[in-house]
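>>> What follows is a predicted structure for the sequence shown.
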Amino acid sequence: MADDTRQPDTSPADEKPQSDARPFTRPKPKHDFPKTQAGKMWEMLGNPAEPANALPGGTYNSAGGLSSMLITTNLAVTGFALSASGMYYWCDQRRREEARGMAMAVQGMKMLHEKKAREKAAEEAARVATAAAADIEEQERKRRAHWYKFW
């Protein structure tokens with residue numbers, strides 16, 4: 001058969017192995033240098049290009065997106081509208097109840113003023129009647145009195 005044209009696995013004896021040569025490494029610094037704000041943020045929050053809501057092993061952003069945002073905003077608006085209409089209905093009922101109470105209070109005050117006016121008129125009539133009776137009695141006493149006096 002034909003000879004193998006691939007390179008042999010054994011190296012020639014005249015070549016030295018490269019294991020003695022060390023790769024270039026920087027010496028470790030004596031002090032830690034302060035990191036930039038961007039570096040600190042990168043460490044804390046991770047890679048900003050990597051989506052935060054991607055499922056592990058997923059090939060696309062399967063969580064969230066525009067459609068879920070539209071559904072969420074629709075639910076929020078619906079909840080607001082329902083709660084606002086419910087609060088309006090509740091406040092309207094309270095306002096009507098308060099108006100009924102105010103009307104009853106005004107009616108009660110009118111009745112009280114009328115009663116006090118009747119009492120005052122009755123008292124005035126009684127005083128006038130008493131004064132008239134006193135005048136009549138005085139006139140009657142003068143009429144019965146003698147026209148002459150002895151002393």
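It's in.
>>> Quick one: low-confidence residue ranges for this structure.
Scanning the chain for pLDDT under 70 picks out the ranges 1-23, 48, 51-65, 151.
>>> Pull stretch 87-106 out as CSV, backbone CA atoms only.
In CSV, the C-alpha atoms belonging to stretch 87-106 read as follows (Å, rounded to 0.1, in the frame of the first residue of the first chain):
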residue,chain,number,x,y,z
MET,A,87,-64.6,55.0,44.1
TYR,A,88,-66.8,57.5,42.1
TYR,A,89,-69.9,55.4,42.9
TRP,A,90,-69.0,55.1,46.6
CYS,A,91,-68.2,58.9,46.9
ASP,A,92,-71.5,59.7,45.1
GLN,A,93,-73.5,57.6,47.5
ARG,A,94,-71.7,59.3,50.5
ARG,A,95,-72.4,62.7,48.9
ARG,A,96,-76.1,61.9,48.5
GLU,A,97,-76.3,60.6,52.1
GLU,A,98,-74.7,63.8,53.3
ALA,A,99,-77.1,65.9,51.3
ARG,A,100,-80.1,64.1,52.8
GLY,A,101,-78.6,64.6,56.3
MET,A,102,-78.1,68.3,55.6
ALA,A,103,-81.7,68.7,54.4
MET,A,104,-83.0,67.0,57.6
ALA,A,105,-80.8,69.3,59.7
VAL,A,106,-82.1,72.4,57.9
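>>> residue ranges of the helices in this protein, please?
Along the chain, counting by DSSP state H, helices occupy 37-45, 66-144.
>>> Report the distance from the shortest one to the chain centre.
If I follow you right, that is helix 37-45. Relative to its chain's centre, helix 37-45 lies at 35 Å (C-alpha atoms, centre = their mean, to the nearest Å).
>>> And for the last one?
Its chain's C-alpha centre lies 34 Å from the corresponding centre of helix 66-144 when counted by C-alpha atoms, centre = their mean.
>>> Kindly provide the distance from residue 120 to residue 112.
12 Å (C-beta to C-beta, to the nearest Å). Any C-beta I mention is one placed from the backbone N, CA and C, and that applies to glycine too.
>>> ok so, going back, can you redo the helices of the chain as CSV with mean neighbour count?
Shown next, in CSV, are the helices of the chain (neighbours: other C-beta atoms under 10 Å):
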stretch, mean neighbour count
helix 37-45, 10
helix 66-144, 10
